[in-house]
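Asks: just a sequence and a predicted model for now, questions to come.
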Amino acid sequence: MSNAPTPNKPMIVGDDVGKEPVAPFHLTFSSHFRPWLAKLDTGIAFSTYTAGKLILLGVGGKGGYAVSERTFDMAMAMATTDDGLMLAMRHQVWRFANSLLPGQLYEGWDRIFLPRQCHVTGGVDIHDLAIDRKGRLLAVVTGYNCVASLDMRGSFNPLWRPPFIDGIVAEDRCHLNGFCLDAGVPAYATIIAPTNTLGGWRPHRADGGEVIDMRTGKTVAKGLAMPHSPRLYRGKLWLLEAGTGWFGWIDTATGVFNRVAWCPGFVRGLRFIGDYAIVGLSKPRNKVFEGLPLDDELKTRGAEPVCGIHAINLATGEIEHTVTITGSVEELYDVAFLPGAKAPLLVGLQGEEARKFVFLGPDSSGKP
């Protein structure tokens, strides 16, 4: 565990902190990132499946950043809850809940997110999570081409699939990768291509992407390059066109994708707060974004791909703040805001740490 914070010194804990670094990574912040985050009164979480990490970031309490990182097998999609967050991994979805009371601190940390519940899904390849108005945890089950609920009745319970998918089968046929809710009801989903054969979407990554209205089954936009992370915010359907690097919004009446900001990387992971969006960026897996317009876009702009987080002003389209990640972490999967968290501590599943934290729930043992 960490010691109490000292002025201007970062608070850092993690499964790899204090050990001989095997695969270190580094965070570099733009000059005004910390005051911007402090003004919004929020922390940030981001996941990386190739490096197997979930990282929580806050402004800290004494002038330095607070960073908490934990190792999880293929950490991917996240959903925030009133008291914590959900995280999808290779075979499981875990719920983490804050165990500190409002205003309570533990060695400078103002949140302690403890693992509380686990749902074992098996290898179904979950790409997106959300909690609907009924309180159900919903997931994009990419390996079975559907959106499903996760409860105790099965590994997953299919709720919706694209109209052209003829059954629930263990084949990634269209690479269904994202969805969003409207007033707590499933509304829009993104696919890489409308194909109904195993891996049929792969040759269409550059221009086969579609957005589907889940309520009608109709396609509202097509011709996209790997659309990802659809989100409804302030009356607009926003998304990331990962294959080009553009962040923008879909006019659902015309199907036009309105570009707002370009980012130098494979964009994936999108959340909103106030007048801002944060976007996750990844470097290419094989040096180049082979077969994607993004590769040509980078060359035309003379830009190098980066891994990190960009904060975009929705009014101007300007990228105002950045976190650049170097070292062993070269891709991000999802991002999330943690409202009110200045120093969020995540307790992982490895080692002895989980054994050390015991928090009592309501005590009714003395009642007759």
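Replies: Sure thing, it's come through. Numbers count the residues shown, from 1 in each chain.

Asks: list of residues touching the helix or strand of the chain with the lowest mean pLDDT?
Replies: Here the helix or strand of the chain ranked lowest by mean pLDDT, DSSP states H and E is helix 353-356, holding a mean of 70. Defining contact as CB atoms under 8 Å, 6 or more residues apart in numbering, one finds that helix 353-356 is touched by 1, 114-115, 347-348. (Each C-beta comes from the backbone N, C-alpha and C, glycine too.)

Asks: which PyMOL command selects the buried ones in the residues you listed?
Replies: Listed next is the PyMOL selection for buried residues among the contacts of helix 353-356, using 16 or more other CB atoms under 10 Å:
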select buried, resi 114+115+347+348
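
Asks: out of the contacts of helix 353-356, which two sit at the greatest distance?
Replies: Met1 and Pro115 (16.4 Å; CB to CB).

Asks: so how far is Leu85 from Arg78?
Replies: One thing to correct before we go on: residue 78 is Met, not Arg. Distance, Met78 to Leu85, using CB to CB, to the nearest Å: 6 Å.

Asks: now do the shared contacts for the two.
Replies: Residues touching both Met78 and Leu85 (CB under 8 Å, 6+ apart) are 45, 336.

Asks: shaky segments in the protein?
Replies: Within the chain, the set of residues satisfying pLDDT under 70 comprises 1-8, 16-23, 286-289, 351.

Asks: all helices of it, in order?
Replies: Secondary structure of the chain (DSSP state H): helices at 33-40, 293-301, 353-356.

Asks: flag every buried residue along the last one.
Replies: Buried residues in helix 353-356, counted by 16+ other CB under 10 Å: Glu353.

Asks: and stretch 189-201, by the same measure?
Replies: Neighbour-count burial for stretch 189-201 [16+ other CB under 10 Å]: 189-196, 200-201.

Asks: just give the nearest non-adjacent residue to Phe46, would you?
Replies: Val335 (4.8 Å; CB to CB, 6 or more residues apart in numbering).

Asks: isn't that neighbour right up against Phe272?
Replies: No. Val335 is beyond contact range of Phe272, at 10.6 Å (criterion: CB atoms under 8 Å).

Asks: out of these two, which sits in the more crowded spot?
Replies: Set side by side, Val335 and Phe272 show more neighbours around Val335, with 23 against 16, by other CB atoms under 10 Å.

Asks: how far away is that one from Phe156?
Replies: In terms of CB to CB, Val335 sits 24 Å off from Phe156.

Asks: cool, Asp295 as well?
Replies: Taking CB to CB, one finds Asp295 at 35 Å from Phe156.

Asks: go on, Phe337?
Replies: To Phe156, Phe337 is 26 Å away according to CB to CB.

Asks: and those two? Which one has more around it.
Replies: Relative neighbour count places Phe156 above the other of Phe337 and Phe156, with 24 against 19, counting by other CB under 10 Å.

Asks: the closest residue to that one other than its chain neighbours bridge partners, please.
Replies: Nearest residue to Phe156, sequence neighbours excluded (CB to CB, 6+ apart): Ala148, at 3.8 Å. Beta-bridge partners of Ala148, counted by DSSP bridges, are Ala139, Pro158.

Asks: my read: Ala148 touches Pro158, true?
Replies: Yes. The criterion here is CB under 8 Å, and Ala148 meets it with Pro158 at 4.9 Å.

Asks: what do the two both touch?
Replies: Contact criterion CB under 8 Å, 6+ apart; residues shared by Ala148 and Pro158: Val141.

Asks: between these two, which one's more packed in?
Replies: The residue with more neighbours, out of Ala148 and Pro158, is Ala148; 24 against 15, by other CB under 10 Å.

Asks: excluding sequence neighbours, find me the nearest residue to Leu57.
Replies: Among residues not flanking Leu57 along the chain, Ile44 sits closest, at 4.8 Å (CB to CB, 6+ apart).

Asks: and the one you found, what does it touch?
Replies: The neighbourhood of Ile44, defined by CB under 8 Å, 6+ apart, consists of 37, 56-58, 278, 309, 335-338.

Asks: now flag whichever of these is closest to Glu320.
Replies: Using CB to CB, the contacts of Ile44 come closest to Glu320 at Ile278, 10.8 Å.

Asks: give me the beta-bridge partners of the closest one?
Replies: Under the criterion used (DSSP bridges), Ile278 bridges to Arg271, Ala311.

Asks: Arg271 is in contact with that one, correct?
Replies: Yes. Under the criterion of CB under 8 Å, Ile278 makes contact with Arg271 at 5.5 Å.
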